[in-house]
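Asks: model this:
(one chain, ligands or ions: 1)
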Amino acid sequence: MPVWGEAPFPPYPEGRLVPFPPSDARNRDPWTQHHTKRDQNKMYSILHDLNQKPEPFPRYTTDTLWTDPWIAQQMLKTHLDQGTDLASRRFRTIDGTVGWFERKIGLSGKKVCDLGCGPGLYATRMAARGAQVIGVDFSTVSLSYARSEATSRNLDIEYRPADYLTDDLPGEQDIVSLIYCDFCTLSPKKRRTLLKRIKGMLKPGGAFVFDVSTTPQFAERREVVTYARRPMGDFWSPDDHFGFQTTFLYDEEKIALDRYLIVGPERQFEIFNWIQYFDPETISEELREAGLVIEEKLSVRTGEPWTPEADELALISRA
Ligand SMILES: C[S@@+](CC[C@H](N)C(=O)[O-])C[C@H]1O[C@@H](n2cnc3c(N)ncnc32)[C@H](O)[C@@H]1O
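Replies: Numbers count the residues shown, from 1 in each chain. This next block holds a predicted model:
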């Protein structure tokens with residue numbers, strides 16, 4: 001768990017950042033009055049570090065984002081929240097996507113492995129259309145929801161807690177899916193590893209279906225620095241906390257980094273959210289290197305042919 005620094009900030013009683021200076025100290029700066037030189041140096045070095053633009057992909061915090069016990073619970077609620085597309089797309093969009101999986105690739109009787117299946121929103125729908133589905137995810141919180149849904153719908157779905165980058169994965173699959181632009185969060189090296197593994201999971205001619213964020217979406221991104229108390233309510237922590245966010249853009253590589261620092265009285269941690277944006281040429285080159293060939297470029301939502309201004313691109317590729 002990436003917890004930044006051993007010593008917490010000095011405690012601020014009842015959330016008051018700097019107590020009002022007593023009358024005999026009116027002319028003294030309240031900040032220096034209440035903080036030692038060491039505190040000030042530490043604060044400076046933390047804020048300085050937060051504002052440094054790192055080389056792309058040196059640090060990963062995906063485990064904190066998806067498997068921290070508190071955040072994973074909040075994430076599950078966000079996956080299921082029909083008012084936002086933050087963690088999963090809304091159900092009506094997912095219905096549309098699984099509809100074109102059926103039309104374009106066929107699901108009935110197929111062996112499907114859904115990587116990063118989360119709470120099983122796609123797995124459930126694919127199994128309901130007759131596919132034999134294995135869902136893989138490292139969030140046990142999401143998997144336990146997915147299992148309970150499968151049981152209540154009487155669907156025979158296997159859910160495996162595993163890291164798709166390192167753990168054993170099932171072979172002889174007709175279809176492997178990786179949905180909601182998870183591919184974009186990986187470094188080039190991790191993407192190469194994953195594509196090689198996916199190729200190894202597929203039967204000859206099997207389909208790898210996935211989606212990526214595209215360069216028109218990158219063009220809309222801006223570098224920002226924000227700071228707020230409880231920026232997402234209880235999402236990061238049930239306790240009082242402050243959230244800092246710094247967004248860096250890498251124009252040449254078409255990468256964005258949203259770097260978060262969450263500071264509570266007991267715990268501080270960082271999240272590095274990397275997103276690489278693709279166009280059909282860059283993605284087809286990576287697939288080709290792994291021995292996969294693009295068959296179709298589609299709209300994620302409708303399965304209609306993809307258009308260059310779309311901010312996401314769904315791909316069917318073949319082993
Ligand atoms: C953006 S969510 C998408 C979930 C699901 N595909 C959907 O659209 O509803 C990403 C999912 O991938 C999982 N995940 C990320 N990296 C993973 C890894 N290396 N191994 C297994 N699961 C991973 C997370 O736990 C999370 O459930």
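
Asks: would you list every one of the strands in this structure?
Replies: Applying DSSP state E to the chain gives strands spanning 111-115, 132-137, 158-161, 173-178, 202-213, 225-229, 242-250, 255-263, 268-276, 293-298, 312-318.

Asks: same question for the last one, mean pLDDT?
Replies: What that stands for is strand 312-318. When pLDDT is averaged over strand 312-318, the result is 97.

Asks: and what of the third one?
Replies: On average, the pLDDT along strand 158-161 is 98.

Asks: Give me the residues contacting that strand.
Replies: Contacts to strand 158-161, defined as C-beta atoms under 8 Å, 6 or more residues apart in numbering, come from residues 117, 120, 123, 133-138, 140, 143, 146-147, 150. C-betas here are computed from N, CA, C, even on glycine.

Asks: try 10 Å
Replies: Residues outside strand 158-161 that contact it (C-beta atoms under 10 Å, 6 or more residues apart in numbering): 67, 113-114, 117, 119-120, 123, 127, 132-140, 142-147, 150, 167-170.

Asks: Could you list which of these belong to helices?
Replies: Assignment to helices by DSSP state H places the following of these there: 67, 123, 127, 140, 142-147, 150.

Asks: list the contacts for S177?
Replies: Neighbouring residues of S177 by C-beta under 10 Å, 6+ apart: 97-98, 101, 105, 112-117, 122-123, 126, 133, 135, 198, 207-211.

Asks: could you flag which of the ones in helices among the contacts of strand 158-161 are buried?
Replies: 67, 123, 127, 142-143, 145-147, 150 (16 or more other C-beta atoms under 10 Å).

Asks: Next, give me the two most distant ones among those residues.
Replies: Using C-beta to C-beta, those reach their maximum pairwise distance at T67 and A127, which is 24.4 Å.

Asks: Near the ligand, list only the ones from the contacts of S177.
Replies: 116-117 (C-beta under 6 Å from any ligand atom).

Asks: tell me which parts of this structure are close to the ligand?
Replies: Checking the chain against the ligand by C-beta under 6 Å from any ligand atom, the hits are 62, 66, 79, 87-88, 116-118, 121, 136-139, 142, 163-165, 179-180, 182.

Asks: go again using 5 Å as the cut-off
Replies: Contacts of the chain with the ligand, taken as C-beta under 5 Å from any ligand atom, map to 66, 88, 116, 118, 121, 137-139, 163-165, 179-180, 182.

Asks: for V225, what are its contacts?
Replies: Contact analysis of V225 by C-beta under 10 Å, 6+ apart lists 50-51, 244-248, 259.

Asks: Weed out the non-buried ones from those residues.
Replies: Neighbour counting by 16+ other C-beta under 10 Å classes 50, 244-248, 259 among the contacts of V225 as buried.

Asks: Any chance of TSV for those residues, columns pLDDT?
Replies: Output for those, formatted as TSV (pLDDT from 0 to 100):
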residue	pLDDT
L50	91
F244	96
Q245	95
T246	95
T247	97
F248	97
R259	95
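
Asks: ok, now which ones touch the residue in the stretch 151-300 of the chain that the ligand sits nearest to?
Replies: With C-beta to the nearest ligand atom as the measure, Y180 is the residue of the stretch 151-300 of the chain nearest to the ligand, at 3.5 Å. Shown in contact with Y180 (C-beta under 10 Å, 6+ apart): 79, 85, 87-89, 94, 97, 116, 118, 121-122, 210-211, 213, 300, 312.

Asks: excluding its backbone neighbours, what's nearest E172?
Replies: Spatially, and ignoring its direct neighbours in sequence, E172 is nearest to K203 (5.6 Å; C-beta to C-beta, 6 or more residues apart in numbering).

Asks: so how many other residues sit close to that neighbour?
Replies: If you count neighbours by other C-beta atoms under 10 Å, K203 ends up with 14.

Asks: Return the per-residue confidence for it.
Replies: Taking K203 on its own, its pLDDT is 98.

Asks: pretty sure it is touching P170, no?
Replies: No - using C-beta atoms under 10 Å, K203 makes no contact with P170, being 11.4 Å away.

Asks: Need the residues touching each of the two.
Replies: Counting by C-beta under 10 Å, 6+ apart, the residues touching both K203 and P170 are K111.

Asks: Leaving out chain neighbours, which residue sits closest to F242?
Replies: V263 (4.9 Å).

Asks: L202 too?
Replies: Here the residue nearest L202, using C-beta to C-beta, 6+ apart, is A319, at 3.9 Å.

Asks: Dihedrals phi and psi, the nearest residue to Q82 once chain neighbours are set aside?
Replies: Closest residue to Q82 apart from its sequence neighbours, by C-beta to C-beta, 6+ apart: R90 at 5.5 Å. Backbone torsions of R90, given as degrees, to the nearest 10, read phi -70, psi 150.

Asks: follow-up on the earlier one: closest to P56 out of the buried ones among the ones in helices among the contacts of strand 158-161?
Replies: Of these, the one sitting nearest to P56 (C-beta to C-beta) turns out to be T67, at 23.3 Å.

Asks: who touches the closest one in this structure?
Replies: Contacts of T67 (C-beta under 10 Å, 6+ apart): 1, 75, 137-142, 161, 163.
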